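>>> My questions are about this predicted structure, shown below with the sequence.
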Amino acid sequence: MARNPFSLEGKTAIVTGGGTGIGKSIAIEFARAGADVALCSRKAEHLEPVEKEVRNLGRRAFSMVVDVRQEEQVKGIVERAVQEWGRLDIMVNNAGASFRAKPEDISVNGWNTVIQINLNGVFLGCKWAGKQMMQQPTGGVIVNISSIAGVYGSTMMSHYGAAKSAVITLTRELGTAWGRKGIRVNCIAPGPVETEGYLDVLKQAGPDGKKTYDRVASRVGMGRWGKVHEIAHPCVFLASDASAWMTGETIVIDGGPSPREMDEG
């Protein structure tokens, strides 16, 4: 019987920001597809339940507290994965953070923090995963998580949009630079997704939060927010042999253009 091209059986993966939201879903779906998964984030309490769930699916797992802004820490999780499993097949650079503010109100410190996490963190993950994958006969796959803010911009998160746009460009550049070294680098740009963190923020806002939720949903072509697994499943596709002739690309997953945008077009 032909091998399932979407299978990750026997593969090893690292997922940054793997304790909550999209990263958690990616880690679990990778395990369901057959991969062993290393998880990292800045909070150990978020990682432990996900590590347990991966193990319950019959896969090997470990977790580390990692600040993706710190090069030695990013290097450290790559080295541990290789030490424990002998190689690294998949790197998912998912860790990210931001805050809402008008461009004129963003401090230099706030700007630098968002750039460091969302762009520098991705660069460091790519750098150290790429270095390892170049040493492997089978190469490897890197998946970066950007955002539609990096495609269309964001008036209230211009620092975040700038960082995520740079991730898309970095993905294209590395896809070109490393394609003949056996390393594929692709990107996903999600639209509004129901993560625990964002939903908690909306709940705390009470009626205003519900209005914001509904307003955002109305701007989506399909009329609703995305679910975390609806980003994780395409990530499995990019990590698997099903996308073997793709590199340097960004897939926008945002529920489609709004009816208003279609009418105006």
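Structure received.
>>> Number of residues surrounding the nearest residue to residue 113 once chain neighbours are set aside?
Of all residues not flanking residue 113 in the chain, residue 97 sits nearest, at 7.8 Å (Cβ to Cβ, 6 or more residues apart in numbering). Every C-beta, even on glycine, is put in place using the N, C-alpha and C of the backbone. Neighbourhood size, residue 97 [other Cβ atoms under 10 Å]: 15.
>>> so what's residue 97 scoring on pLDDT?
At residue 97, the model reports a pLDDT of 93.
>>> for residue 55, same thing?
Residue 55 is given a pLDDT of 98.
>>> Residue 201 too?
In this model, residue 201 is scored at 70, pLDDT.
>>> Also the one 3 residues further on?
We note a pLDDT of 79 for residue 204 in this prediction.
>>> and the longest strand for this structure?
strand 183-190 (DSSP state E).
>>> From residue 99, how far off is residue 217?
22 Å (Cβ to Cβ, to the nearest Å).
>>> Between these two, tell me which one has more neighbours.
Legend: neighbour count by other Cβ under 10 Å for residue 217 and residue 99, higher for residue 217 (15 against 12).
>>> got a list of what the spatially most central residue of the chain touches?
With distances taken as Cα atoms, centre = their mean, residue 94 lies nearest the centre of the chain, 2.7 Å away. Residues near residue 94 by Cβ atoms under 8 Å, 6 or more residues apart in numbering: 15, 16, 17, 18, 22, 23, 26, 145.
>>> picking up where we left off before, could I get the average pLDDT for the longest strand of the chain?
98.
>>> In which helix or strand does residue 92 reside?
Using DSSP states H and E, residue 92 sits in strand 90-93.
>>> Describe which strands that strand pairs with in its sheet and in which direction.
strand 12-16 (parallel), strand 140-145 (parallel) (DSSP bridges).
>>> Residue 218 - how many residues pack around it?
12.
>>> Residue 255 too?
21.
>>> is it possible to export the contacts of residue 94 to JSON lines including pLDDT?
JSON lines is the format used below for the contacts of residue 94 (pLDDT from 0 to 100):
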{"residue": "15", "pLDDT": "98"}
{"residue": "16", "pLDDT": "98"}
{"residue": "17", "pLDDT": "98"}
{"residue": "18", "pLDDT": "98"}
{"residue": "22", "pLDDT": "98"}
{"residue": "23", "pLDDT": "98"}
{"residue": "26", "pLDDT": "98"}
{"residue": "145", "pLDDT": "98"}
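>>> Can you tell me which of these lies closest to residue 87?
For these, the residue nearest residue 87 by Cβ to Cβ is residue 15; the value is 16.3 Å.
>>> show me the contacts for the closest residue to residue 194 other than its chain neighbours.
Counting by Cβ to Cβ, 6+ apart, residue 194 lies nearest to residue 225, which is 4.8 Å off, once chain neighbours are set aside. Residue 225 sits next to 192, 193, 194, 213, 216, 217, 255 when contact means Cβ under 8 Å, 6+ apart.
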